[in-house]
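In: Fold the following.
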Amino acid sequence: MADGPPDKRQGATDWDAVRAEYEGRLFHPATICRRHGITAAQLRYRRERGGWLAINARPPRQDDIVRRMLAILARQVKQLEKAMDEPIDKQTRTLAEQVKTLDKLIELGATERNAEPPTRQDMTGLRAKLVRRLEQAAR
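Out: Here you go, the predicted model:
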């Protein structure tokens, strides 16, 4: 009896267990259906309605996220350089947000293996460079 599908009268399907097996890629979907006594349509319905990760989805890696954030930061700096007609306080706030983003990126990068943590001098130099670029753009 343990090899076959469980009797539906024994209880409701444990969808948390089904999801863990599916997203963890522990078994093929057909095997999951057999193990839990559900149909492929039921599994597909729960997966679509519950927003489960697809069986072939690749979770994002930290270095991919950092690379994407750096690209966004570079675009924001270019936009800030072009926005000369905006008030200086708005530019300053934008720059402050960008520096926070940069701090977070550096913090994330320092968690990688064999990476030296950034020094305060590195951050100060980078901030000064950003301020100089803003001043040049304002002229």
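In: any weak-confidence spans in the protein?
Out: For the chain, the stretches with pLDDT under 70 are 1-11, 59-60, 108-123.
In: Please, where are all the helices along it?
Out: Along the chain, counting by DSSP state H, helices occupy 15-23, 29-36, 40-50, 62-82, 88-110, 120-138.
In: Make JSON lines from those helices and add mean neighbour count and distance to residue 56 to it.
Out: No exception for glycine: its C-beta is placed from N, CA and C like everyone else's. JSON lines is the format used below for these (neighbours: other Cβ atoms under 10 Å; distance: least, Cβ to Cβ, whole Å):
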{"stretch": "helix 15-23", "mean neighbour count": "16", "distance to residue 56": "12"}
{"stretch": "helix 29-36", "mean neighbour count": "16", "distance to residue 56": "11"}
{"stretch": "helix 40-50", "mean neighbour count": "13", "distance to residue 56": "12"}
{"stretch": "helix 62-82", "mean neighbour count": "13", "distance to residue 56": "17"}
{"stretch": "helix 88-110", "mean neighbour count": "14", "distance to residue 56": "27"}
{"stretch": "helix 120-138", "mean neighbour count": "12", "distance to residue 56": "39"}
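In: how close does residue 96 sit to residue 80?
Out: 11 Å (Cβ to Cβ, to the nearest Å).
In: likewise residue 35?
Out: Residue 35 is 55 Å from residue 80, by Cβ to Cβ.
In: ok, for residue 18, nearest residue in space, not its chain neighbours?
Out: Among residues not flanking residue 18 along the chain, residue 36 sits closest, at 5.4 Å (Cβ to Cβ, 6 or more residues apart in numbering).
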